[in-house]
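[1] Sequence unavailable; structure follows:
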Ligand SMILES: Cc1ncc(C[n+]2csc(CCOP(=O)(O)OP(=O)(O)O)c2C)c(N)n1
């Protein structure tokens, strides 16, 4: 069976246990989580979760149905028309070529966000695939630490 | 009104119309037990194990259709209840379990008898709550009962810290629940229903595949009518025995691993499967790639996640069976032509003649199937039958003439040994003493909740346990015979308790039966005694449950005849 990558948005009540219910569902039923982000939706008692998963068509369908079945789930959005972005933070030693790093960042919607006495931190926000490319390119400058945010997505 | 959290729990139970609660006290739930002591609006039955309390609430719920309630303390009280929750969850039983929890200030400190109850039960409840303040308690209790009984029913756990049951708050039991995230769909989509009816009308070999959802939805009468109007033959799953009625000429029998030949062939050769509240369990489908290869599927289920989970569905209908069938009926009355399926019915009748459900009786030894047939003759529609798990369960499902839904109560989804006796206790409490309640069990299973003899004796609950005693963990032994070259690893139960003495030691009646005549007499004596009873029937040790589809095999490849050993 073909495994497809899918971005699923889940709108849930912002209440205790809800993250555990969602992640427990994935763990208990053997579904895959590539990334999961969650934050409250402003001016509401809801939260928005973005889950990146992969599986066969049948599995993806089950995931959305099982998510919907959770009592605190308000809405599950799963289709091709998702605008998705991811952010990454990368820390470099200050000795690296700052101008090159700066140029690289701007190619990926990013820039320098913090400079210390012996390191700089840059960030970029872009499609997941491009973030991966960005990290590959950044590897040339001996990064000390890389943190990806996971995907956030919005329906078109 | 001002009252304590403990009083609120009692008030909610009363407001929900629950007349009996099953439970076991302990530190964290003592505030509630103190209130139970002070009231007499509902009864509390003290089981002798928390697992039994939950199974009893479950049996009560299945026998009556009402929400069952069980109550346990924190820590080990709760963990003992987990098997009961999982059992009820697997079979969609409406139930509310209330557990005590350590006080809020101790949560997260590994306090005495603290265990993460909501964490542990998340995967085996429909929903669960850890109550965090007295203010939310009335709403949580209301929601718990509502969620338990609505949509696809299921058990709900309400875990209440001890300080909250002790605290005083304002109690107003809500009339309605307001859950914007939970809206079960009952009605079924118009267009889909029309299309499904069209498919039925144009099919040649349709089969009604009836599952436990039909019982939960109280749809038995309408489903019988559907079959009657269309003359479409039907099979029942283990959970649906009784829906069509044993004497119904359109009922082929049970489907699945131990279903009869005609039922399984009907599924294999049908061109249209009409699934009503069934979920294509692996014990029904056998090898999936070989399952129902020629059939389109209409799947009616209140739980959308059941649809398309196992098999591809051509006509999905999310809705309540009763409502959907009710809406289909007028269209089918107008359009269906029963003659259309005559050839198909003939084929299936022929299959049934070829390999009817049977066993070879004996004069030397009691055959377990005989006991069940005999029970059926003597008690028939009068009795409520529960069972444990194993061969005896399958024989009961095959040979007892179930005539109505809720007459047959067993742990189908989880297959929990030890379920039958406490469930029978709960069922008896639910249906009242006029009905006879019989638990058909094995010499293995009955010991898994045997302490409930004391509960039944104390409360004059006259459940009759018929132990089909083969001195084996019979079902496992059967698999060892067939698939493990007769290596009987840890299944020989030759070492036995004295069943008669055991029952009598606990205040019940005991009977040892070694002949058919003795069985009839023991049953009559047990009924007359109006006391909890063990009827220990020595049966053929090596009898096998047949027909059988070996696990993972195709449904149409069955091990069939009972050959003499
Ligand atoms: C709690 C639990 N443990 C183990 C099993 C596995 N199991 C299924 S049937 C069976 C044998 C049951 O033996 P018995 O109750 O004597 O019934 P019989 O099959 O002999 O009729 C066992 C051990 C189970 N279903 N439940």
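    Thanks, I have the structure now. Bear in mind that the values here come from a model prediction, so they are computed numbers and not experimental data.

[2] How is the residue in chain A that chain B sits nearest to assigned, secondary-structure-wise?
    Scanning chain A for proximity to chain B using Cβ to the nearest Cβ identifies residue A:65 as nearest, at 3.9 Å. Backbone N, C-alpha and C define where each C-beta goes, glycine included. State at residue A:65, reduced to three classes by DSSP: H, G, I helix; E, B strand; the rest coil: helix.

[3] what secondary structure does the residue nearest to it when sequence neighbours are not counted sit in?
    Leaving aside its chain neighbours, residue A:65 sits nearest to residue B:305 (3.9 Å; criterion: Cβ to Cβ, 6 or more residues apart in numbering or on different chains). Secondary structure, three-state DSSP: residue B:305 is helix.

[4] Would you check that my belief about residue B:305 contacting residue A:69 is correct?
    Yes. Counting by Cβ atoms under 8 Å, residue B:305 touches residue A:69, with 5.2 Å between them.

[5] What parts of chain A come near chain B?
    Counting by Cβ under 8 Å from any Cβ of the partner chain, chain A comes close to chain B at A:12-13, A:16-17, A:20-21, A:24, A:28, A:58, A:61-62, A:65-66, A:68-69, A:71-74.

[6] Quick check on the residues you listed: which are buried?
    By neighbour count, with 16 or more other Cβ atoms under 10 Å in any protein chain shown, the residues of chain A next to chain B hold A:12-13, A:17, A:21, A:61-62, A:65-66, A:68-69, A:71-74 as buried.

[7] Find the nearest non-adjacent residue to residue B:418, please.
    Spatial nearest neighbour of residue B:418, excluding adjacent residues (Cβ to Cβ, 6+ apart): residue B:448 at 2.9 Å.

[8] what's around the one you found, how many residues?
    Neighbours of residue B:448 under the rule other Cβ atoms under 10 Å in any protein chain shown: 22.

[9] re earlier: contacting residues around the residue of chain A closest to chain B?
    B:304, B:305, B:309 (Cβ atoms under 8 Å, 6 or more residues apart in numbering or on different chains).

[10] Neighbour count and pLDDT added to these, as TSV?
    Shown next, in TSV, are the contacts of residue A:65 (neighbours: other Cβ atoms under 10 Å in any protein chain shown; pLDDT from 0 to 100):
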residue	neighbour count	pLDDT
B:304	20	96
B:305	19	96
B:309	18	95
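
[11] Out of these, flag the one nearest to chain A.
    Nearest to chain A, judged by Cβ to the nearest Cβ, of those is residue B:305 at 3.9 Å.

[12] List the contacts of the closest one.
    Applying Cβ under 8 Å, 6+ apart, we find residue B:305 in contact with A:62, A:65, A:66, A:68, A:69.

[13] what's the spacing between it and residue A:6?
    When distance is defined by Cβ to Cβ, to the nearest Å, residue B:305 is 17 Å away from residue A:6.

[14] thought residue A:98 was touching residue A:120?
    Yes. Judged on Cβ under 8 Å, residue A:98 makes contact with residue A:120 at a distance of 6.8 Å.

[15] Quick check: neighbours shared by the two?
    Here residue A:98 and residue A:120 share the contacting residues residue A:112, scored by Cβ under 8 Å, 6+ apart.

[16] so who does the residue nearest in space to the middle of chain B touch?
    The centroid of chain B falls nearest to residue B:410 when counting by Cα atoms, centre = their mean (4.0 Å). Counting by Cβ under 8 Å, 6+ apart, residue B:410 makes contact with B:238, B:386, B:387, B:388, B:389, B:393, B:396, B:397, B:419, B:420.

[17] With neighbour count and pLDDT added, can I get these in a markdown table?
    Shown next, in a markdown table, are those (neighbours: other Cβ under 10 Å; pLDDT from 0 to 100):
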| residue | neighbour count | pLDDT |
| --- | --- | --- |
| B:238 | 28 | 98 |
| B:386 | 32 | 98 |
| B:387 | 31 | 98 |
| B:388 | 30 | 98 |
| B:389 | 23 | 98 |
| B:393 | 28 | 98 |
| B:396 | 31 | 98 |
| B:397 | 27 | 98 |
| B:419 | 35 | 98 |
| B:420 | 34 | 98 |
